[in-house]
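Asks: Model the following, please.
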Amino acid sequence: MKESGVLAALFLVVSTGFVCAEAPKRASDLLTLPPAFRAFAGDPVIQIEPRDGLKSEGKLSGMNAFRPREGFTPRGGNGRLFLKVGEDEEVSEKAAEVLAKAFHRKVLSRESLNWHERRLRLDGLFISEKSDFIQLATRKLTAGEAPDPWLDAWWKVRMGLPQTPDPSHDLMVINLHYDHFGKKTTKGHFCFGLRSKGGDADGDLLFDFRAPWSLDRPPRATEGLNLHNRLLLSATVENLYDWLYTQTEYRHCYVECWFLPVSKEQVTLLHHIAERPVAHEAGQFRAFRKNCASLGLGFLHRLQPIGTPLPLGRGVADIPTVAARKIVEGMEEEPPYFLLENVTHQRGRQPTAKSTIHRAQPSRVSSRAFRLLRTVPEVN
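Replies: The predicted structure follows:
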């Protein structure tokens, strides 16, 4: 906490009604403001008055506009933070609480999300409760510690603080395609993975976004469009090699992968998500605006600082191949690429549309996908 031992001196002399000469002039005199809070309200000017009732009060004005598709829009200047507190109260904690409540109301609450985020229920992805965010923000703004390592990682990532590059992992952006033997191109499927350099047969993860299908045959048009509301879109976490084995050896698909850098904080958040029984439930599947690309892009957006423009809702639909291409083209350098081909017919199997995941054979570490990935120099 900034200068916690002299907060009383920073305050005001209630008996005389005058503000002490050392009273804080701006929020940064009391708090550790991350970039997201500065984008939200600048460095608010503080006005402190003695409390005239039993309850302390606070209000923030002059906040910058926030829209998920565009991020923060500066109005020019700084916000103003009005506080009415008692002589013996921690001014910094009250200031942090007021800022945190305003930030949640204008930026993080369900009411502040746009239509696409609400449909995908993205407000529940990491910190779903207002009280949890306010508790965390009050601690971090006053230079306190987060109660859990993943919350500290979330704060760094979402608040725009410097992250630590992780040279031991890659983020895999993936397109999955049904194999038409070169006669037809599909829009494919979108998902992403987290792989250790050199490969970790049991620890590498695949984050999949789909409405599970339990039949061998592909869904009919009305079923694929979910006109009968029987397909629930969700995010699940699978072992990377089990997933690759299933797609290429049972589902007659080939897999395109691009390998992107990732931070240690992002890795911590992905492992936190992976510990859930179901990573995320998004409700009824919709073919154009609530599909694998929609939810996958929403997940990746939550691994970026608050204020990063939301990539959803542009064009006619969220298209898996377009989603992957935009991510890859946004990199400063062309990332390493890997193609895992389909071998369903070579194994003597009839292709299935079932999304059931099979364990890699003869084992994960000796599976074709694990061995071929080990041959790519740039990712090992």
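
Asks: what about residue 253, distance to residue 140?
Replies: For residue 253, the distance to residue 140 equals 44 Å [C-beta to C-beta, to the nearest Å]. (C-beta placed from N, C-alpha, C; glycine too.)

Asks: Enumerate every residue touching residue 206.
Replies: 174, 191, 192, 193, 237, 238, 239, 240, 243, 244 (C-beta atoms under 8 Å, 6 or more residues apart in numbering).

Asks: one more time with 6 Å, if that's ok
Replies: Contacts for residue 206 (C-beta atoms under 6 Å, 6 or more residues apart in numbering) come out as 193, 238, 240, 243.

Asks: now for the residues you listed, which pair is the farthest apart?
Replies: By the measure C-beta to C-beta, 193 and 238 form the most distant pair in the contacts of residue 206, at 9.1 Å.

Asks: Tell me which of those two has more neighbours.
Replies: residue 193 (23 against 17; other C-beta atoms under 10 Å).

Asks: May I ask you to confirm that that one is in contact with residue 172?
Replies: Yes. With contact defined as C-beta atoms under 6 Å, residue 193 reaches residue 172; the gap is 3.8 Å.

Asks: Just the C-alpha atoms of the helix or strand harbouring residue 191, please, in CSV.
Replies: Using DSSP states H and E, residue 191 maps to strand 189-196. C-alpha atoms of strand 189-196 as CSV (Å, rounded to 0.1, in the frame of the first residue of the first chain):
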residue,chain,number,x,y,z
HIS,A,189,-13.4,-25.6,-37.5
PHE,A,190,-11.6,-23.2,-35.1
CYS,A,191,-9.9,-24.0,-31.8
PHE,A,192,-6.6,-23.5,-30.1
GLY,A,193,-4.1,-25.4,-28.0
LEU,A,194,-1.3,-24.9,-25.5
ARG,A,195,1.9,-27.0,-26.2
SER,A,196,5.1,-27.3,-24.3
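
Asks: packing partners for it?
Replies: Judged by 3 or more C-beta pairs under 6 Å, 6 or more residues apart in numbering; DSSP states H and E, the packing partners of strand 189-196 are strand 169-178, strand 205-210, helix 292-301, helix 320-329.

Asks: Kindly present these as JSON lines, with separate columns for mean pLDDT and distance to residue 39.
Replies: Output for the helices and strands packed on strand 189-196, formatted as JSON lines (pLDDT from 0 to 100; distance: least, C-beta to C-beta, whole Å):
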{"stretch": "strand 169-178", "mean pLDDT": "97", "distance to residue 39": "25"}
{"stretch": "strand 205-210", "mean pLDDT": "97", "distance to residue 39": "28"}
{"stretch": "helix 292-301", "mean pLDDT": "96", "distance to residue 39": "16"}
{"stretch": "helix 320-329", "mean pLDDT": "94", "distance to residue 39": "23"}
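
Asks: Could you dump those into CSV and include distance to residue 363?
Replies: Shown next, in CSV, are the helices and strands packed on strand 189-196 (distance: least, C-beta to C-beta, whole Å):
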stretch, distance to residue 363
strand 169-178, 21
strand 205-210, 17
helix 292-301, 29
helix 320-329, 29
